[in-house]
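[1] When you get a sec, could you give me coordinates for this:
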Amino acid sequence: MHLMELPTSLQQAENIQEDIVSWRRQLNSIPELAFTEVATAKLVSDILLSFGYSVRPVAETGVIAQIGSGRTLAIQVAMDALNVAVPGQEEASVFHACGHDANMACILGAARILARRLRGRSDVGLRIIMQPGSEATLLSRHEGADRVTKAGSLDGTFAVLSLHVDATIRTKKVSLVKIAKDLEPCNDKANSANKRTSAEIFKLLRQCSEDVLGAANVNLVNRTTYADDFGRYLELQPGAILYLGVGLPGCIRSHHTHDFLIDESALYLGSAILTEAALRLLAIQPRLIG
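    Residues are numbered from 1 along each chain as shown. Predicted structure coming up:
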């Protein structure tokens, strides 16, 4: 019997690029502030349910989706939009001026590809954490992350990944933030069971990025002002975050400004890298079909 390998993560992500862009545009059309993400939660829940995930609410308007069980990898992403001042307008407008709509679309792309490999499995699983309230609130800068983690969203997981688009990075390039040694989770019991550190996961994510994009398109950065909520998760579980370049050629746009724009053509690359990293962390071998 002739056997054929499944398409690579890059090919599979490229095949659903139109869907990823469509999800991003749908999410972009319903921007909601912290802890008011009702329509956003409904949309992502419906999409994840259609992939075969079980879905439940968390932290009021957040969403936890799970497929498979056993040794579980988590992928975290923020949901909320923010108020932004617009020249000529007396009142601020609510819109996705940080790119959370694009982040969610990339995660949905990876979730769709991975669903086919994880549905019905009892040895490994994937958990998608759609977090509300990432932008600073009056109560706490990290209120969303704190509510979600205190609700047990990481229970039963061994590592956590995240992705954030970055319009200040040239499109189709990525940057990674190297995790400092002192940011490793302090939960010794979890670490001994997981047998992975954030430094190891960072190296794996870097390798996946280089395999998808080429080493010349992968850069390392010391820190970033985006997605600092993710640090709260790293206090509990080892992990790493990917910054996907979506800067429009010849037009650098700042986050949290009224004219924020991204290059949508790069979104499938974020899905591809996350998919590849998840497969390797879950030790899922390439499947042959014939």
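[2] Okay, helices next: where are they in the stretch 1-150 of the chain?
    Secondary structure of the stretch 1-150 of the chain, counting by DSSP state H, counting those that start in this stretch: helices at 9-15, 17-28, 38-51, 100-118, 143-150.
[3] Can you tell me which of those is most buried?
    helix 100-118 (a mean of 25; mean count of other Cβ atoms under 10 Å). C-betas here are computed from N, CA, C, even on glycine.
[4] That one vs helix 17-28, what angle?
    130 degrees (axes from the mean of the first three to the mean of the last three Cα atoms, to 10 degrees).
[5] Remind me what helix 100-118 packs against, helices and strands.
    The contact analysis (3 or more Cβ pairs under 8 Å, 6 or more residues apart in numbering; DSSP states H and E) places helix 100-118 against helix 9-15, helix 17-28, helix 38-51, strand 62-68, strand 71-78, strand 124-131, strand 157-170, helix 267-281.
[6] For those, give me a markdown table that also has distance to residue 145 and mean pLDDT.
    Shown next, in a markdown table, are the helices and strands packed on helix 100-118 (distance: least, Cβ to Cβ, whole Å; pLDDT from 0 to 100):
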| stretch | distance to residue 145 | mean pLDDT |
| --- | --- | --- |
| helix 9-15 | 27 | 96 |
| helix 17-28 | 20 | 98 |
| helix 38-51 | 17 | 98 |
| strand 62-68 | 10 | 98 |
| strand 71-78 | 8 | 97 |
| strand 124-131 | 6 | 98 |
| strand 157-170 | 11 | 96 |
| helix 267-281 | 19 | 98 |
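[7] could these be laid out in a markdown table, adding distance to residue 91?
    Shown next, in a markdown table, are the helices and strands packed on helix 100-118 (distance: least, Cβ to Cβ, whole Å):
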| stretch | distance to residue 91 |
| --- | --- |
| helix 9-15 | 39 |
| helix 17-28 | 20 |
| helix 38-51 | 21 |
| strand 62-68 | 27 |
| strand 71-78 | 24 |
| strand 124-131 | 27 |
| strand 157-170 | 24 |
| helix 267-281 | 31 |
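[8] Residue 143: which of those is closest?
    Distance to residue 143, taken as Cβ to Cβ, is lowest for strand 124-131 among these, at 10.4 Å.
[9] Who does that closest one pair with, and is each partner parallel or antiparallel?
    If you go by DSSP bridges, strand 124-131 pairs up with strand 62-68 (antiparallel), strand 71-78 (parallel).
[10] In CSV: these, plus mean neighbour count and distance to residue 200.
    Below are the strands paired with strand 124-131 laid out as CSV (neighbours: other Cβ atoms under 10 Å; distance: least, Cβ to Cβ, whole Å):
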stretch, mean neighbour count, distance to residue 200
strand 62-68, 24, 22
strand 71-78, 24, 14
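[11] Tell me where the model's unsure across the chain.
    Scanning the chain for pLDDT under 70 picks out the ranges 1-6, 136-140, 179-184, 186-195, 223-228, 285-290.
[12] Quick one: neighbours of the residue nearest to residue 151 when sequence neighbours are not counted, just the number.
    In space, residue 151 comes closest to residue 58 once its chain neighbours are excluded; the distance is 5.1 Å by Cβ to Cβ, 6 or more residues apart in numbering. When neighbours are defined as other Cβ atoms under 10 Å, residue 58 has 19 of them.
[13] so residue 58 sits right up against residue 148, yeah?
    Yes: assessed by Cβ atoms under 8 Å, residue 58 is found in contact with residue 148 at 5.7 Å.
[14] what residues are shared contacts of the two?
    Jointly contacting residue 58 and residue 148 under the rule Cβ atoms under 8 Å, 6 or more residues apart in numbering are residue 129.
[15] tell me the contacts of residue 176?
    202, 205-206, 209, 218-221, 240-243.
[16] Neighbour count and secondary structure added to those, as a markdown table?
    As requested, these are exported to a markdown table (neighbours: other Cβ atoms under 10 Å; DSSP: H, G, I helix; E, B strand; the rest coil):
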| residue | neighbour count | secondary structure |
| --- | --- | --- |
| 202 | 20 | helix |
| 205 | 25 | helix |
| 206 | 20 | helix |
| 209 | 26 | helix |
| 218 | 21 | strand |
| 219 | 15 | strand |
| 220 | 10 | strand |
| 221 | 12 | strand |
| 240 | 24 | strand |
| 241 | 24 | strand |
| 242 | 27 | strand |
| 243 | 23 | strand |
